[in-house]
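[1] fold the following and give me the result.
(chains A and B)
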Protein chains: 2
Amino acid sequence: MGYPKEEKILEFLHDKNLIVASNRGPVEFHKHKNQIEMKRGAGGLVSTLLPLMEALNGVWIASAMTEEDATVAKGYSDNRVPITLEDPKFWMSFVLADEKQYEQYYSVISNPLLWFVQHYMWNTPYTPDIDDHIHQAWKEGYERINQKFAEKVVLESTRNEKDPLIMLQDYHLYLCPHLIRKKLGDIFLSQFIHIPWPQSEYCKIIPEYMRNAILEGLLSNDLLGFHIPRYVHNFIQSCEYFADEVDYQQGIVKYDGHSTQVKSYPISIDYDGIKDMARSKGVLEKEKLIRQIKGDKFLFYRTDRADLSKNIIRGFKAFDLFLDKHPEYWGKVKFLTTGKPTRQQIKEYEKYSQNVKDIIEEINNKYSREGWKPIEWIFKADYHLVIAAFKNYDCLIVNPIADGMNIVPKEASAVNEQQGVLILSETAGCYEELEENVLTVNPFDISQTAEAFYRAVQMDKEERSIRLKNLKDIIKKRTVYHWISEQFEDIEKLTSA
Amino acid sequence: MGYPKEEKILEFLHDKNLIVASNRGPVEFHKHKNQIEMKRGAGGLVSTLLPLMEALNGVWIASAMTEEDATVAKGYSDNRVPITLEDPKFWMSFVLADEKQYEQYYSVISNPLLWFVQHYMWNTPYTPDIDDHIHQAWKEGYERINQKFAEKVVLESTRNEKDPLIMLQDYHLYLCPHLIRKKLGDIFLSQFIHIPWPQSEYCKIIPEYMRNAILEGLLSNDLLGFHIPRYVHNFIQSCEYFADEVDYQQGIVKYDGHSTQVKSYPISIDYDGIKDMARSKGVLEKEKLIRQIKGDKFLFYRTDRADLSKNIIRGFKAFDLFLDKHPEYWGKVKFLTTGKPTRQQIKEYEKYSQNVKDIIEEINNKYSREGWKPIEWIFKADYHLVIAAFKNYDCLIVNPIADGMNIVPKEASAVNEQQGVLILSETAGCYEELEENVLTVNPFDISQTAEAFYRAVQMDKEERSIRLKNLKDIIKKRTVYHWISEQFEDIEKLTSA
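    Take a look at the predicted model:
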């Protein structure tokens, strides 16, 4: 399947009951022409774990995200659906929640409350207001849905004689491990957090009883993973007031008679997979459009969900400043942006999407002339189009305020064919791996970012070529399979100890 | 004068050339009825250092804050004014700057940029935009005015044969120590920072070259003081990337062949002084007004400059929620607030003052009825009135998002005569000293703050009385004279070592 030490991993896993839980699952059901269809998701977690799921007949627990998920789920006992329906290889166990409950869990507590704290994004003099609405959402939404997930995990863990191997995912499920531990006692629990963990003082925005519950939850895991050492360090620091003992050197936190190993596993990409994809008919088809947009221009590119952490507005302010300072590049550069609004049910996101749209229009109005519009925005970008753009940009900009990892720079550099320059903010998770071959920006510094645009258009082909080659070498060496294999290795060590 | 070990201190100081530098000085000149008058400032720094200044014929370097400061200063060589003009005891050395320069230094870099970072107050998805305007303000304003202060310090240090004892104050003068050190080499330099120091990641909002210059400045001091151990720890953490060596245990940071002792000195109040003031005619006079406002009601009180760090809006949202949940207290409580707008030339402050005004009006409109208006706002509060309010409140609320120390809880508890309850946020610098005798709030938690209001009105007189007595005992034990004496003791140790 592509894992390093694959035989060893399969040997360890073969008698395990693999149970993965994440808010969003690897498959979703949708209605298409009056038929219910199954769609498979993308992303590192799905691409690495799904082959194992299938090999081991495991179970993936996730929220029902669509009406059809719920409809299908209700047709099976315990809402446990064989995937695929026709050729069952593993199980999807759907967690059903009523709309209000899900909204409280997802759109009040997980986002924006936790997400904004973990990305340092609150406007503290004004937001958040921790009011009854939030306290209630914690109790009636976040706690209850975590309870539901925990019940599913418990059910699946005791379904057969195999040793359960439980892998919880991300910030939606902070309370799960403690709830499972209470029921199942001495069972192995692991969790991976895909977003940053901030330093301890900023965490204090969250009321203490919630923070305590989150730490009690996370410290019920035997293994807790983050992307990079900085988040591990910050997490351990956040435990200082709560835990019995912390050890930064060993990455161990002791609480209530239990030890948690905290460790970093930087996620990466399926290097060969994306290279193959880049050669596929679908991508070649989309390249026509990209080449048409690019023409003979220097192509800047960015692709992001319109999340506030992505810092899209300052990116465009910098582009504005670059054009303002360098009229000699009017008509000679083009900025392509793909990606669409996200989490529009949350007011902060709705406003942000609008602000992004406004600044793009403003810049286009300011600089456009006969035959040239500086920014092209493709709203509904599919993955093939994105890969096509990755192949063809001259400069990619990734300038988040904070970002767990961000694999866009890795995917993009892997397939780029234009000696593309990478502008990367020092606060992205992937920065530590890539910093020597990028143009570094402080995400808040618009002047510096505009200067980076200028450096990119000025950079000679040789320097561009060396930088890109170095990036490709780094990215090739550590794939997403290393990310998952290292977790399995540590799980094996910890369970056999 | 009130210092512990006063003789020892004076013995150490008697042959010293005392040089204090702070942006705002202890005296200002104002025009009154066509006459230039001198006004003396308040605050712990002034009240403790001024008697020593006078005893030692020292010099205080400060920005000219008023037109009259500049006019008077220009009449003396080196803008060095004897204070008082008629009966000279010490010198005010005024730093003159043109308006633009001062605005860049004060209203762009010091506030909001540094102040907002040090209080965790930026709305990071949108602000700050570090643009050319800010880079320019750093270079043309902050650097240059620091240069001017440094030149004054150098001039004063070499004016006579005495050993100079240099005490720099606060975040306006971060670059001074390095500039002085470059000129004077092996001279003793100390600086005290009156605002919080945040954890290292949040500091990264500031561009690296500015951060480096700030650290290079601060690490040119021999002694660097903060209010509490948490800020000391955070500062040392912020130095990790920059310094050659850091020692958290000893509070020592080594950089460029030089050691800086970093230590906490929690500022306090002149306990006896404020008790005397509370008995003064001026205060007794103002108490009539306070008693009239209070009537037979339970009196809530707050007093703050309208700074965004003070969290005034959430305080009133909590009061609104308290009234909403407890209509039985309508007509039985009164909320008095004093304090006025501040830094109105900065747009964030202008907006905040307006927002404070709006919420007060909104609450008054919502609940007022015949004979009862819930909130009374006295816009132009003088110190006598504030002390009169301190004596008479039933509950004081101090709920900043972040606050270097905040001596209001100490001054207020010292003179309160109503067994007044103290609601205090866990993020205020003074919280660590007082926590056991206050109602603790998370400043972001409106529900909890409303609940604290309810607990305050419900609390029986005996509990109130015990809590206040404990507060008074703590505050009495450590006065502002301890704060300054400890600094002198450490300076003596460090210079004689």
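[2] A:Asp307 touches A:Thr342, doesn't it?
    Yes. Using C-beta atoms under 8 Å, A:Asp307 makes contact with A:Thr342 at a distance of 5.7 Å. C-betas here are computed from N, CA, C, even on glycine.
[3] with neighbour numbers in mind, choose between the two.
    Each of A:Asp307 and A:Thr342 has its neighbours counted (other C-beta atoms under 10 Å in any protein chain shown); A:Asp307 has more, 24 against 16.
[4] just the pLDDT for the more buried one.
    The per-residue pLDDT reported for A:Asp307 equals 95.
[5] contacts for stretch A:380-392?
    Identification of contacts with stretch A:380-392 by C-beta atoms under 8 Å, 6 or more residues apart in numbering or on different chains yields A:42, A:274, A:277-278, A:280, A:282-287, A:289-291, A:294, A:299, A:301, A:303, A:336, A:338-340, A:378, A:396, A:411-412, A:414-418.
[6] which residues are in contact with each of A:Asp307 and A:Thr342?
    By C-beta under 8 Å, 6+ apart, the residues touching both A:Asp307 and A:Thr342 are A:Tyr349.
[7] got phi/psi on the residue nearest to the spatial centre of chain A?
    Nearest to the mean C-alpha position of chain A, by C-alpha atoms, centre = their mean, lies A:His194 at 5.7 Å. Dihedral pair for A:His194: phi -90, psi 0, per degrees, to the nearest 10.
[8] do A:Ser63 as well
    phi -70, psi 140.
[9] that one contacts A:Arg24, correct?
    Yes. Judged on C-beta under 8 Å, A:Ser63 makes contact with A:Arg24 at a distance of 6.9 Å.
[10] the more surrounded of the two?
    Using other C-beta under 10 Å as the criterion, A:Ser63 and A:Arg24 rank with A:Ser63 on top: 22 against 15.
[11] which ones are touching that one?
    Per C-beta under 8 Å, 6+ apart, neighbours of A:Ser63: A:23-25, A:94-95, A:97, A:102, A:145.
[12] pLDDT wise, what is it at?
    On the pLDDT scale, A:Ser63 gets 98.
[13] who is it paired with across the strands?
    A:Val95 (DSSP bridges).
[14] for the residue of the stretch 151-300 of chain A found nearest chain B, phi and psi?
    Of all residues in the stretch 151-300 of chain A, A:Gln199 sits closest to chain B, at 4.1 Å by C-beta to the nearest C-beta. Main-chain dihedrals, A:Gln199, degrees, to the nearest 10: phi -70, psi 160.
[15] quick revisit: in helices, which of the contacts of A:Ser63 appear?
    The members of the contacts of A:Ser63 that map onto helices under DSSP state H are A:102, A:145.
[16] what's the closest non-adjacent residue to A:His384?
    Sequence neighbours aside, A:Gly282 is the residue nearest to A:His384 in space, at 4.1 Å (criterion: C-beta to C-beta, 6 or more residues apart in numbering or on different chains).
[17] tally of neighbours for the one you found?
    14.
[18] separation between the residue nearest to the centre of chain A and A:Trp483?
    Plainly put, A:His194 is 11 Å away from A:Trp483 if you go by C-beta to C-beta, to the nearest Å.
[19] shared neighbours, the two?
    With C-beta under 8 Å, 6+ apart, A:His194 and A:Trp483 have common neighbours A:Ile267.
[20] quick check: the residue of the stretch 251-400 of chain A nearest chain B.
    For the stretch 251-400 of chain A, C-beta to the nearest C-beta, closest residue to chain B: A:Leu308, 3.9 Å.
[21] give me the nearest residue to that residue, chain neighbours excluded.
    Per C-beta to C-beta, 6+ apart, closest to A:Leu308 is B:Pro125, 3.9 Å.
[22] what's near enough to touch A:Cys203?
    Residues in contact with A:Cys203, defined by C-beta under 8 Å, 6+ apart, are A:117, A:211, A:238.
[23] go again with 6 Å.
    A:Ser238 (C-beta atoms under 6 Å, 6 or more residues apart in numbering or on different chains).
[24] so what pLDDT did it get?
    97.
[25] how many neighbours does A:His14 have?
    For A:His14, the count of nearby residues is 10 (other C-beta under 10 Å).
[26] residues in contact with the residue nearest to A:Asn57 when sequence neighbours are not counted?
    In this structure, A:Asn57 finds its nearest non-sequential neighbour in A:Phe90, 5.7 Å apart by C-beta to C-beta, 6+ apart. Counting by C-beta under 6 Å, 6+ apart, A:Phe90 touches A:53-54, A:57-58, A:83.
[27] just curious, which of the contacts of A:Ser63 is nearest to chain B?
    Proximity of these to chain B (C-beta to the nearest C-beta) peaks at A:Ile145, which lies at 21.4 Å.
[28] if we can go back for a sec, which one among the contacts of A:Phe90 gets closest to chain B?
    A:Met53 (36.3 Å).
[29] for the closest one, give me phi and psi.
    phi -50, psi -50.
[30] how near is it to B:Asp460?
    62 Å.
[31] quick one: which of the two has more around it?
    Set A:Met53 next to B:Asp460 and count neighbours by other C-beta under 10 Å: A:Met53 wins out with 22 against 8.
[32] who's the closest residue to that one other than its chain neighbours bridged to?
    For A:Met53, ignoring the flanking residues on the chain, the nearest one in space by C-beta to C-beta, 6+ apart is A:Phe90 at 4.2 Å. Legend: beta-bridge partners of A:Phe90 under DSSP bridges are A:Ile83.
[33] where's A:Phe90 relative to A:Gly58, distance?
    Taking C-beta to C-beta, one finds A:Phe90 at 5 Å from A:Gly58.
[34] read off the pLDDT value for the residue nearest to the centre of chain A.
    97.
[35] same question for A:Val153.
    For A:Val153, pLDDT reads 98.
[36] start to end distance for stretch A:156-173?
    The first and final residues of stretch A:156-173 sit 17 Å from each other (C-alpha to C-alpha, to the nearest Å).
[37] for stretch A:324-343, that is, sorry about that
    33 Å.
[38] same deal with stretch A:77-92?
    End-to-end for stretch A:77-92, by C-alpha to C-alpha: 12 Å.
[39] list the buried residues of it.
    By neighbour count on 16 or more other C-beta atoms under 10 Å in any protein chain shown, the buried set for stretch A:77-92 is A:79-81, A:83, A:90-92.
[40] farthest-separated two in the residues you listed?
    Farthest pair in the buried residues of stretch A:77-92 (C-beta to C-beta) is A:Asn79 and A:Phe90. Separation: 14.8 Å.
[41] could you give the number of residues near the residue nearest to A:Leu308?
    When neighbours are defined as other C-beta under 10 Å, B:Pro125 has 24 of them.
[42] what residues are up against A:Lys334?
    Residues near A:Lys334 by C-beta under 6 Å, 6+ apart: A:297, A:299.
[43] my read is it is in a helix, agree?
    No. Using DSSP: H, G, I helix; E, B strand; the rest coil, the assignment for A:Lys334 is strand, not a helix.
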